[in-house]
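# generate coordinates for the sequence data below:
(one chain, ligands or ions: 1)
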Amino acid sequence: MTEPSPHNGHAFAVIGAGINGTAVAREITRRFPDSSVTVFEKSDRVAAHQSGHNSGVVHAGLYYEPGSLKARLCRRGVDLLHDYARSHQLPFEECGKLVVALNQEEEVRLRGIFERAVANGVPDVELIGPDRIREIEPNSVGRLALHSPHTAITDYAAIAHSFAEEVEAAGGTIRLNSEVVDMSVEPHGCTITSVRGAGGRSPGGRSARARGNHTRRVESFDFVIACAGLQSDRVAQMAGGAAHPTIVPFFGQYSQLAPEHRTILNGLVYPVPDPAYPFLGVHLTKRVDGEMLVGPNAFLSFGRENYSGRTIGIKDSLAVAADPAFWKFAAGNLKAAVREFSAVVSRKKFLAGAAEYVPSLEGAASKPIPRGIRAQAMDADGGLVDDFVIEQQGRATLIRNAPSPGATSSMAIAEHIVDVVAQSH
Ligand SMILES: Cc1cc2nc3c(=O)[nH]c(=O)nc-3n(C[C@H](O)[C@H](O)[C@H](O)COP(=O)(O)OP(=O)(O)OC[C@H]3O[C@@H](n4cnc5c(N)ncnc54)[C@H](O)[C@@H]3O)c2cc1C
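Take a look at the predicted model:
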């Protein structure tokens with residue numbers, strides 16, 4: 001595994017202990033075992049944000065533009081994750097997935113997705129009619145469906161914890177409650193200023209820094225890799241990156257079906273996605289603990305880390321409102337936003353959407369569970385960026401967009417980033 005590389009013996013800093021940061025740190029310890037790696041994480045735990053609040057689906061690579069980073073890294077990521085989960089006794093269940101078209105317009109779009117899936121090398125995908133739909137999922141209906149038998153589910157927080165344990169076992173450091181507040185990128189390295197608080201956030205949500213309960217450290221590293229998720233644009237700007245792509249947070253609500261509906265499906269059932277949005281639509285997802293979820297929807301979040309949805313994050317909301325690109329995006333998406341909003345305020349409406357392709361869900365009992373918040377990058381023209389974006393600012397490598405299938409792809413993203421760093425210096 002050890003590479004004859006100039007990077008052995010260097011000091012690496014990784015910002016963010018989500019699944020991407022921990023995967024990158026693990027990859028560094030494997031490829032450059034004589035180097036040191038320090039992971040800075042502002043929260044009090046690993047996988048505190050997107051990596052711990054998602055659908056847990058191991059996407060097979062159906063939707064993505066052939067040749068894009070998403071398409072390539074998702075397929076490679078599935079293989080790596082499958083082998084990792086199996087060899088570490090972590091959950092990985094190939095429960096399969098249907099993407100269901102309900103009308104002619106969706107049928108046309110579904111055929112396009114099928115072509116992409118084939119071009120991306122997704123194994124064993126097929127288009128099936130109503131009878132076969134019923135054989136695979138007796139409670140689902142549709143005119144046409146795409147069947148992906150190898151789409152799987154896992155627990156991404158458990159995977160990220162396992163990566164972090166491996167990093168520590170290899171001599172790396174995971175520094176929780178340590179927020180990177182400044183960075184300067186020099187020709188031969190990077191200087192990082194971090195604030196380490198005792199106990200992370202207060203119950204009121206104030207950071208240790210805001211409470212004045214902190215220690216400040218300034219340290220030098222040879223290379224920095226930022227995997228900062230919802231804060232990735234802010235961290236990129238610390239390293240001298242441009243303001244765009246900026247992060248627009250979109251929350252996704254989930255409903256957990258009552259126990260009697262747990263077996264309503266054998267696997268996952270998704271609608272055909274709305275091409276106006278880079279999200280997959282409200283789907284039915286089996287979780288590895290046996291629970292059945294409906295969600296997530298997608299609506300603008302008034303705060304990047306505001307999981308309750310009951311407060312407004314002033315700093316984050318003002319940042320979105322002050323960005324002319326957001327208003328361009330909003331002007332072009334009003335219709336979709338109104339439709340999504342009706343499902344945000346009414347759980348009945350939310351479930352009714354899913355009942356169109358699983359009719360026995362009509363009137364099913366459910367309860368809300370914590371939402372997830374997606375870090376979705378937006379360009380200066382108000383367009384939502386579809387592909388993964390990884391940027392270099394000298395010795396700093398910055399993930400600027402890693403939405404779904406970012407967790408599926410994490411081990412391949414890590415491989416790719418470490419290759420990029422190794423080749424460019
Ligand atoms: C609702 C939802 C459903 C999803 N479903 C799926 C799915 O089914 N399958 C899939 O493959 N993907 C899915 N995704 C996407 C997936 O969760 C993300 O792509 C992935 O988790 C991104 O991981 P990350 O490590 O880049 O970011 P994160 O998990 O967000 O981690 C970033 C970390 O950086 C830390 N950080 C930020 N700024 C600083 C700083 N200045 N100093 C120190 N630390 C900092 C944060 O505290 C955070 O812990 C979903 C996402 C959401 C929100």
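
# so what does residue 155 look like in phi/psi?
Main-chain dihedrals, residue 155, degrees, to the nearest 10: phi -120, psi 100.

# shouldn't it be in contact with residue 89?
No - in terms of C-beta atoms under 8 Å, residue 155 does not count as a neighbour of residue 89; the distance is 11.9 Å. Glycine gets a C-beta too; all of them are placed from N, C-alpha and C.

# SS state for residue 411?
Here residue 411 is helix, with the state taken from DSSP: H, G, I helix; E, B strand; the rest coil.

# how about the strands in the stretch 251-400 of the chain?
In the stretch 251-400 of the chain, the strands defined using DSSP state E, counting those that start in this stretch lie at 268-271, 283-286, 292-295, 299-300, 366-378, 389-393, 396-401.

# next: the stretch 101-250 of the chain.
126-128, 144-148, 152-154, 173-175, 178-186, 189-197, 214-221, 223-226, 246-257.

# of those, which approaches residue 120 most closely?
Nearest to residue 120, of all the strands of the stretch 101-250 of the chain, is strand 144-148, at 11.0 Å by C-beta to C-beta.

# for this structure, which residues score under the pLDDT cut-off?
Judged by pLDDT under 70, the chain has its weakly predicted residues at 1-7, 198-213, 278, 310-312, 331, 333-347.

# would you turn the strands of the stretch 251-400 of the chain into a markdown table with mean neighbour count and distance to residue 321?
Shown next, in a markdown table, are those (neighbours: other C-beta atoms under 10 Å; distance: least, C-beta to C-beta, whole Å):
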| stretch | mean neighbour count | distance to residue 321 |
| --- | --- | --- |
| strand 268-271 | 24 | 31 |
| strand 283-286 | 24 | 31 |
| strand 292-295 | 22 | 26 |
| strand 299-300 | 20 | 10 |
| strand 366-378 | 19 | 13 |
| strand 389-393 | 18 | 23 |
| strand 396-401 | 25 | 21 |
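
# out of those strands, which is closest to the ligand?
When those are compared by C-beta to the nearest ligand atom, strand 366-378 sits nearest the ligand, at 2.7 Å.

# distance from the chain centre to the closest one, please.
10 Å (C-alpha atoms, centre = their mean, to the nearest Å).

# send me it as CSV with only the CA atoms.
What follows is strand 366-378, C-alpha atoms only, in CSV (Å, rounded to 0.1, in the frame of the first residue of the first chain):
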residue,chain,number,x,y,z
SER,A,366,-46.4,8.1,10.7
LYS,A,367,-44.3,10.4,12.9
PRO,A,368,-41.8,13.1,11.9
ILE,A,369,-38.1,12.3,12.6
PRO,A,370,-35.2,14.8,12.5
ARG,A,371,-34.6,16.5,9.1
GLY,A,372,-31.5,16.5,7.1
ILE,A,373,-30.0,19.6,5.5
ARG,A,374,-28.3,19.3,2.1
ALA,A,375,-25.3,21.4,1.2
GLN,A,376,-26.2,22.3,-2.4
ALA,A,377,-23.8,24.5,-4.4
MET,A,378,-25.2,27.4,-6.5
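
# got the angle for that strand vs strand 396-401?
Interaxial angle, strand 366-378 versus strand 396-401 (axes from the mean of the first three to the mean of the last three C-alpha atoms, to 10 degrees): 130 degrees.

# who are the packing partners of strand 366-378?
helix 232-238, strand 246-257, helix 324-332, helix 347-355, strand 396-401 (3 or more C-beta pairs under 8 Å, 6 or more residues apart in numbering; DSSP states H and E).

# so which of these is the most surrounded?
Neighbour counts (mean count of other C-beta atoms under 10 Å) averaged over each of the helices and strands packed on strand 366-378 peak at strand 396-401, with a mean of 25.

# let me know the secondary structure of residue 72.
helix.

# hmm, I was thinking of residue 95
Relying on three-state DSSP, one would call residue 95 coil.

# element containing residue 79, please.
helix 69-87 (DSSP states H and E).

# can you pull the buried residues of that helix?
Neighbour-count burial for helix 69-87 flags 69-78, 80-82, 84-85 (criterion: 16 or more other C-beta atoms under 10 Å).

# elements contacting it?
strand 57-58, strand 92-93, strand 152-154, helix 156-169, helix 410-424.

# I'd like to know which of the ones you listed is closest to the ligand.
Per C-beta to the nearest ligand atom, nearest to the ligand of these: strand 57-58, 3.4 Å.

# that closest one vs the ligand: in contact?
Yes - using C-beta under 6 Å from any ligand atom, strand 57-58 reaches the ligand at residue 57.

# which other residues reach that strand?
78, 81-82, 92, 97, 151-154, 268, 285, 405, 408 (C-beta atoms under 8 Å, 6 or more residues apart in numbering).

# what of stretch 301-314?
By C-beta under 8 Å, 6+ apart, stretch 301-314 touches 49, 53, 230-231, 247, 249-251, 316-317, 370-371, 373, 375.
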